[in-house]
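**Q** okay, predicted coordinates and the sequence, questions at the end:
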Amino acid sequence: QVQLQESGPGLVKPSQTLSLTCTVSGDSITTNRVYWNWIRQAPGKGLEWIGYIRASGTIVYSPLLESRTSISRDTSRNQFTLQLTSVTPEDTAVYYCVRCDWDLNEYDYWGQGTQVTVSS
């Protein structure tokens, strides 16, 4: 059974950097044809894709957030991370780490999500 678990601070001050980690169990983040994503949902809004990292290490970001986003990984810990710089209250959201099976073309495993609030 694949499981993903987000961790990180629940409160971040404006202009600071949001940092989250996703710990994966039941699969390897170096598995071919699987993409590891960050997705968020702000209050009252739909899901917003942030970016992904592939088994090869290739990273793709949403053009809307690319200038402030960094995704990386630690293969020894089977974790991948998200950093979002210069946050504003508009970055307040529930952040999810999500596995995408490329062959099935679907997001098949989700973390439970972690609430991040940007406030002074």
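**A** Good, I have the coordinates.

**Q** mind listing what the spatially most central residue of the chain touches?
**A** Centre of the chain computed as the mean C-alpha position; nearest residue by C-alpha atoms, centre = their mean is residue 38, 2.4 Å away. Shown in contact with residue 38 (C-beta atoms under 8 Å, 6 or more residues apart in numbering): 20, 22, 49, 50, 51, 52, 71, 82, 95, 96, 97, 98. C-betas here are computed from N, CA, C, even on glycine.

**Q** what does the pLDDT read for the residue located most distally from the centre of the chain?
**A** The C-alpha centroid of the chain is most remote from residue 120, which lies 23.2 Å away (C-alpha atoms, centre = their mean). For residue 120, the model assigns a pLDDT of 94.

**Q** closest one of the contacts of residue 38 to residue 34?
**A** Comparing the contacts of residue 38 against residue 34 with C-beta to C-beta picks out residue 52 as the nearest, at 9.8 Å.

**Q** verify the contact between the closest one and residue 36 for me.
**A** Yes: contact between residue 52 and residue 36 holds when scored by C-beta atoms under 8 Å: they sit 6.0 Å apart.

**Q** higher neighbour count, these two?
**A** Shown here are residue 52 and residue 36; by other C-beta atoms under 10 Å, residue 36 has more neighbours (26 against 22).

**Q** following the helix or strand harbouring that one, which helix or strand shows up next?
**A** Here residue 36, judged by DSSP states H and E, is contained in strand 34-41. Per DSSP H and E, the first helix or strand lying C-terminal to strand 34-41 is strand 47-54.

**Q** that following strand pairs with which strands?
**A** strand 34-41 (antiparallel), strand 59-61 (antiparallel) (DSSP bridges).
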